[in-house]
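[1] Attaching a predicted model along with its sequence, questions to come.
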Amino acid sequence: MWSPTPQPAPGPAPYLIRHGAGYTLYEHHSHALQQRLCLYTAPDAPVQILRLRLQNRAQTARHLTVTCYAEWVWGVDRATTQAFIVPEDHQMPGAIFARNPYHE
């Protein structure tokens, strides 16, 4: 188990991380997989989008499971706000929603 980002579960190879206006790009190559994760905000909505691209560099077909881990923070300190963050079910496939009813 590893992540395409240095945390929470770093892989054995180095990571290339680039930041730009409204986005962060993580690139990593390990376990015979080229991994590219782009996180960016939508310019017209209060959402963050994560786009993960995996390229199999092995000679055989593979079956992978991808799991999203999120620690939401609304405000300055996660310890202060985590009790107020409410995850929500949504009918949009592949989307995870959460809100803090006590913070705009």
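    Thanks, I have it.

[2] C-alpha only now, for contacts and for neighbours.
    Fine.

[3] mind listing the strands for the protein?
    Remark: strands assigned in the chain by DSSP state E are 15-20, 23-30, 33-41, 48-56, 86-88, 97-99.

[4] correct me, but Arg51 touches Leu39?
    Yes - under the criterion of C-alpha atoms under 8 Å, Arg51 makes contact with Leu39 at 6.5 Å.

[5] can you list the strands of the chain in a markdown table and add mean neighbour count, mean pLDDT and distance to Trp72?
    Formatted as a markdown table, the strands of the chain follow (neighbours: other C-alpha atoms under 10 Å; pLDDT from 0 to 100; distance: least, C-alpha to C-alpha, whole Å):
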| stretch | mean neighbour count | mean pLDDT | distance to Trp72 |
| --- | --- | --- | --- |
| strand 15-20 | 13 | 96 | 20 |
| strand 23-30 | 18 | 96 | 17 |
| strand 33-41 | 17 | 95 | 14 |
| strand 48-56 | 13 | 93 | 11 |
| strand 86-88 | 11 | 84 | 10 |
| strand 97-99 | 13 | 83 | 8 |
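
[6] can you redo those strands as a markdown table with distance to Ala9?
    Below are the strands of the chain laid out as a markdown table (distance: least, C-alpha to C-alpha, whole Å):
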| stretch | distance to Ala9 |
| --- | --- |
| strand 15-20 | 12 |
| strand 23-30 | 13 |
| strand 33-41 | 14 |
| strand 48-56 | 16 |
| strand 86-88 | 23 |
| strand 97-99 | 23 |
